[in-house]
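> next one to model:
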Amino acid sequence: MNSTFSGPFRAGDRVQLTGPKGKLNSISLEPGSTFHTHHGFIAHDDLIGQPDGTVVANSVGVEYLALRPLLTDFVMAMPRGAAIIYPKDAAQILAQADVFPGATVVEAGVGSGALSLWLLRALGADGRLSSFERRDEFAVIARENVAAFLGYDPGNWNVTVGDLAEALPNIHPDSSVDRVILDMLAPWECIEAVAAALKPGGVVLCYVATVTQLSRVTETIRSTGLFTNPDPSETMVRTWHVEGLAVRPDHRMIGHTGFLVTARRLAPGAVLPELKRRASKSEYSDDDVEAWTPGALGERGISPKSLRKRVRQAGASAAVARERERETNELSETDLLE
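Have a look, this model is predicted:
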């Protein structure tokens with residue numbers, strides 16, 4: 001049983017405190033501990049046992065709103081090895097890839113585990129998620145972040161460290177996967193392996209950051225003749241300021257983060273009807289292709305020292321969450337025996 005997301009606050013719970021200026025602070029509740037600011041402190045004991053959504057005053061009377069973090073809040077604040085997929089894109093991925101309960105989904109690369117959390121929630125207990133990651137450190141951070149949020153290690157999720165194109169055929173036989181989601185520097189290198197693993201009608205979705213990557217992966221998918229015509233898109237979110245009659249868009253918005261490209265697997269031997277297209281520059285030279293290679297695109301790195309620190313942070317959060325869930329399960333079993 002997992003009661004991480006409901007009920008009164010308990011020791012070990014992660015709580016998000018919002019101050020009078022809207023600043024967010026995330027703390028893990030520990031009996032006897034205090035949360036200090038420049039303007040007073042809050043005793044953790046004042047929060048333990050209180051319901052979600054409580055307003056508590058600190059030592060000098062400043063009020064804070066206490067809430068359990070939503071998944072959106074958690075992924076934006078969790079330790080990162082690699083850059084995360086933002087919630088706005090994760091929502092579109094679930095919709096455009098049509099991820100459903102009970103599906104078998106392949107994800108590569110796993111990064112810091114943000115998208116893995118969204119996928120596991122959508123798949124439910126009967127679904128299966130296979131994640132692939134080339135870097136062992138990133139895989140560790142992803143596992144610990146997932147455990148920190150859920151309170152346990154999901155039995156329907158496995159993480160494979162290695163290259164997707166090489167490892168995928170060894171784990172999933174041909175035509176056995178419902179959905180494949182690729183978040184990597186050069187997803188076009190894996191399209192053939194993905195086509196073999198997908199069921200007819202299955203969906204492949206690629207998340208890429210630049211227009212050169214977008215063009216390369218779209219043309220690669222199209223050139224195989226094994227998929228429907230790729231459908232590229234991007235999502236932008238603009239919040240609004242609303243106070244009485246003062247209604248206007250906020251000055252800042254979440255603009256471009258990445259492109260999504262989706263396509264569906266054709267049945268074996270099927271030939272896609274040719275679409276009429278406007279004249280366009282669809283040809284490119286070897287020099288153009290060279291500009292699209294992973295080396296030319298570059299990859300943002302992270303220092304070994306910073307990576308080790310984030311591994312420790314993720315592991316500490318996961319250990320607390322696992323222990324809390326274990327204690328909850330033991331209490332539940334005791335209640336049943338009584």
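> all helices of the stretch 1-150 of the chain, in order?
Using DSSP state H, counting those that start in this stretch, the helices of the stretch 1-150 of the chain run over 71-77, 87-96, 114-123, 136-150.
> swap that for the stretch 201-338 of the chain, please
The residue ranges that make up the helices of the stretch 201-338 of the chain, judged by DSSP H, counting those that start in this stretch, are 211-224, 286-291, 294-297, 304-337.
> so which of those helices is the most surrounded?
Mean neighbour counts were compared across those using mean count of other Cβ atoms under 10 Å; the top stretch is helix 211-224, at a mean of 18. Where you see a C-beta, it was placed from the backbone N, CA and C, and this is true even at glycine.
> what about Ala321, distance to Thr210?
Distance of Ala321 to Thr210, computed by Cβ to Cβ, to the nearest Å: 36 Å.
> sheet-wise, list the partners of the longest strand that the chain contains with their directions.
In the chain, assigned by DSSP state E, the strand with the most residues is strand 198-208. Each strand that pairs with strand 198-208, with its direction, by DSSP bridges: strand 177-182 (parallel), strand 259-264 (antiparallel).
> save the helices of the stretch 201-338 of the chain as JSON lines, and put in mean pLDDT and distance to Ala147 too.
Converted to JSON lines, the helices of the stretch 201-338 of the chain look like this (pLDDT from 0 to 100; distance: least, Cβ to Cβ, whole Å):
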{"stretch": "helix 211-224", "mean pLDDT": "95", "distance to Ala147": "31"}
{"stretch": "helix 286-291", "mean pLDDT": "63", "distance to Ala147": "41"}
{"stretch": "helix 294-297", "mean pLDDT": "56", "distance to Ala147": "31"}
{"stretch": "helix 304-337", "mean pLDDT": "75", "distance to Ala147": "4"}
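> nearest to Glu133, out of these?
In this view, those are compared for proximity to Glu133 by Cβ to Cβ, and helix 304-337 is the closest at 13.3 Å.
> figure out how far the closest one is from the centre of its chain.
Its chain's average C-alpha position is 20 Å from that of helix 304-337, according to Cα atoms, centre = their mean, to the nearest Å.
> helices or strands up against it?
Contacting helix 304-337 under the criterion 3 or more Cβ pairs under 8 Å, 6 or more residues apart in numbering; DSSP states H and E are the following elements: helix 136-150.
> list the buried ones in the helix it packs on?
For helix 136-150, burial by neighbour count (16 or more other Cβ atoms under 10 Å) applies to 137-150.
> what is the mean pLDDT for that helix?
Across helix 136-150, the average pLDDT comes to 93.
> which residues touch it?
Outside helix 136-150, the residues within contact range by Cβ atoms under 8 Å, 6 or more residues apart in numbering are 2, 4, 71, 74, 78-82, 109-114, 116-117, 120, 131, 133, 153-154, 157, 159, 161, 307-308, 310-311, 314-315, 317-318, 320-322, 325.
> where's that helix relative to the chain centroid, distance-wise?
That offset, for helix 136-150, works out to 11 Å (Cα atoms, centre = their mean).
> I'd like the next helix or strand past it.
Of the helices and strands lying after helix 136-150 in sequence (DSSP states H and E), the nearest is strand 157-161.
> I'd like the next helix or strand past that following strand.
Using DSSP H and E, the next helix or strand after strand 157-161 towards the C-terminus is helix 164-171.
> so which elements touch that following helix?
Using 3+ Cβ pairs under 8 Å, 6+ apart as the contact criterion, the neighbours of helix 164-171 among helices and strands are strand 104-108, strand 128-133, helix 191-197.
> among these, which is nearest Ala97?
Taking Cβ to Cβ as the criterion, strand 104-108 is the member of these that comes nearest to Ala97, at 8.0 Å.
> need the pLDDT of Ser280.
Per-residue confidence for Ser280 comes out at a pLDDT of 57.
> actually Glu283, not the one I typed
The confidence metric pLDDT takes the value 62 at Glu283.
> one more: Ser6?
On pLDDT, Ser6 comes in at 78.
> re earlier: how about the helices of the stretch 201-338 of the chain in TSV, adding distance to Ser59?
TSV is the format used below for the helices of the stretch 201-338 of the chain (distance: least, Cβ to Cβ, whole Å):
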stretch	distance to Ser59
helix 211-224	52
helix 286-291	59
helix 294-297	52
helix 304-337	26
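> nearest to Gly102, of those helices?
For those, distance to Gly102 was read as Cβ to Cβ. The smallest value, 23.9 Å, belongs to helix 304-337.
> Arg326 and Ala148, how far apart?
As judged by Cβ to Cβ, Arg326 and Ala148 stand 14 Å apart.
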